[in-house]
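**Student:** structure of the sequence below:
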Amino acid sequence: MEKKILGYLLIWTIHLVIAPDGLVAQGCSDAGFCTMGAMKPDQTFNKKVDVKLRSIELSYYYGETTLSPIVQVANLDASFSITKNLGVQVKVPYQWVNGNFDNTSGMGDISLSATQRVKSTNKYDINATLGMKIPSNDANKKDSGSKTPEAEGLSLPMYYQTSLGSFDLVAGVSMISSKWMFATGIQAALTANNNQFWRGEWLPPVYPDEDYALLYPNATKLKRGTDVMIRIERNFRFSNYSFNVGLLPIYRITKDQIEDRDTGEYVKLEGTTGLALTALTSFTYHFDVTHSLKVSYGKKITDREVNPDGLTRKQVFIVAYGFRF
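**Tutor:** You can find the predicted model right below:
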């Protein structure tokens, strides 16, 4: 059974590497809930080695969206053990976006979580996480006019925002063994943001390419739907290095909502629910028990029809340095 599951994972990974560029999807937000606490990938399971109680990871993220914006993120990820079975995690990202409309930059959303080990055996651990994502701004950055002078002062699409602009509740649970990791989690937006993007304002003569402007969904005071994720990961560990392959399906179970500018009432957006599937792989080199370097790659193969939150990515690349103490 294990060989069959591993075979499916490898087939998916190979398929993604050779898949045409048109196969893309909506996935986890940058430095998002899929890497919080119990849902974090590539977690160590070794009962013979004492796990360090504190760790700091510095990472660089490069993501290609389905439109022109390129998203880059520098992320600080710090974890601390409170007791033998309880730990906390803090993630602080800084984000840059470069696209046809404009270039933006600023702090990303801060993630805070606590993880409790609820069961531990010689063969596996079960962990549970509860946390929040805290917005760094109201997700309503406006065009500077540097690329399109006529658009100066207009609200930019969510693709260009450095924050999702909402307070989010996050919860999850995982089972980790020496070879496998299975995790599931949920992210629910508790509030709407203050984004005011309305694509009708960007039509010619403001922006010369009408077809391109219409590719961005309206996002006025966006309230995102609820996401449910599953992580399936197979790890291969050796003395100084390790690698893994996995699948990350995310399902948006409720529709996104925006405020209608004509009526002032919220409307549910069709096409904003459904499955997104990502194949992931990473390689980690351990210099010693304290220092490590990891390279990760992810490619999407499905897509929701409408994505006003701007989280669509064709592919992502991450390099991270880890320090345990």
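
**Student:** which residues does residue 117 bridge with?
**Tutor:** Using DSSP bridges, the bridge partners assigned to residue 117 are residue 127.

**Student:** what pLDDT does it get?
**Tutor:** Note for residue 117: predicted pLDDT of 95.

**Student:** do I have it right that it meets residue 127?
**Tutor:** Yes. Using CB atoms under 8 Å, residue 117 is in contact with residue 127, at 5.3 Å. For every residue, glycine as well, the C-beta is placed using N, CA and C.

**Student:** quick one: which of those two has more around it?
**Tutor:** More crowded of residue 117 and residue 127, by other CB atoms under 10 Å: residue 127, with 23 against 16.

**Student:** let me see the contact set for that one.
**Tutor:** Applying CB atoms under 8 Å, 6 or more residues apart in numbering, we find residue 127 in contact with 37, 38, 115, 116, 117, 118, 173, 174, 176.

**Student:** try residue 201
**Tutor:** residue 154.

**Student:** how near is it to residue 267?
**Tutor:** Note on residue 201: its distance to residue 267, by CB to CB, to the nearest Å, is 18 Å.

**Student:** tell me where the stretch 201-325 of the chain has strands.
**Tutor:** 227-237, 241-252, 257-259, 266-268, 274-286, 291-300, 312-313, 315-324 (DSSP state E, counting those that start in this stretch).

**Student:** nearest to residue 140, of those strands?
**Tutor:** strand 257-259 (12.7 Å; CB to CB).

**Student:** other residues contacting that closest one?
**Tutor:** 192, 218-223, 225, 265-269, 308.

**Student:** now for the residues you listed: which two are most distant?
**Tutor:** Most distant of the contacts of strand 257-259, by CB to CB, are 225 and 265, 17.6 Å apart.

**Student:** mind listing the helices for the chain?
**Tutor:** For the chain, the helices defined by DSSP state H cover 2-18, 210-213.

**Student:** hey, least reliable of those by pLDDT?
**Tutor:** helix 2-18 (a mean of 43).

**Student:** measure residue 211 to residue 66 for me?
**Tutor:** In terms of CB to CB, residue 211 sits 15 Å off from residue 66.

**Student:** tell me which of these two has more neighbours.
**Tutor:** residue 66 (19 against 6).

**Student:** who does the closest residue to residue 248 other than its chain neighbours bridge with?
**Tutor:** Counting by CB to CB, 6 or more residues apart in numbering, residue 278 is the residue found nearest to residue 248 once chain neighbours are left out, at 4.4 Å. Beta-bridge partners for residue 278, by DSSP bridges, are residue 248, residue 300.

**Student:** ok, residue 278 - how many residues close by?
**Tutor:** Residue 278 has 26 nearby residues by other CB under 10 Å.

**Student:** need the contact list for residue 86.
**Tutor:** So residue 86 contacts 114, 115, 116, 117 (CB under 8 Å, 6+ apart).

**Student:** could you check how far the last one is from residue 265?
**Tutor:** With distances taken as CB to CB, residue 117 is found 46 Å from residue 265.

**Student:** alpha carbons of stretch 114-134, as CSV, please.
**Tutor:** The C-alpha trace of stretch 114-134 is given here as CSV (Å, rounded to 0.1, in the frame of the first residue of the first chain):
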residue,chain,number,x,y,z
ALA,A,114,0.3,27.5,19.3
THR,A,115,0.8,23.8,18.8
GLN,A,116,0.1,21.0,21.3
ARG,A,117,1.4,17.5,21.0
VAL,A,118,-1.7,15.5,21.9
LYS,A,119,-0.3,12.0,21.4
SER,A,120,3.2,10.6,21.1
THR,A,121,4.3,7.0,20.4
ASN,A,122,7.5,5.4,19.1
LYS,A,123,5.9,5.3,15.7
TYR,A,124,4.1,8.6,15.3
ASP,A,125,3.1,11.9,16.9
ILE,A,126,-0.3,13.7,16.7
ASN,A,127,-0.2,17.5,17.0
ALA,A,128,-3.0,20.2,17.0
THR,A,129,-2.6,23.9,16.2
LEU,A,130,-4.7,27.0,16.9
GLY,A,131,-3.7,30.3,15.6
MET,A,132,-4.5,33.6,13.8
LYS,A,133,-3.3,35.7,10.9
ILE,A,134,-3.2,39.4,11.7
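
**Student:** tell me the buried residues in that stretch?
**Tutor:** Buried positions in stretch 114-134, judged by neighbour count with 16 or more other CB atoms under 10 Å: 115-117, 124-133.

**Student:** of all these, which comes closest to residue 240?
**Tutor:** residue 125 (23.4 Å).

**Student:** can you pull the contacts of that closest one?
**Tutor:** Here residue 125 is in contact with 45, 117, 119, 175, 176 (CB under 8 Å, 6+ apart).

**Student:** rerun at 10 Å
**Tutor:** 38, 43, 45, 47, 85, 117-119, 174-177, 181 (CB atoms under 10 Å, 6 or more residues apart in numbering).

**Student:** quick one: which of those has the most company?
**Tutor:** residue 38 (29 neighbours).
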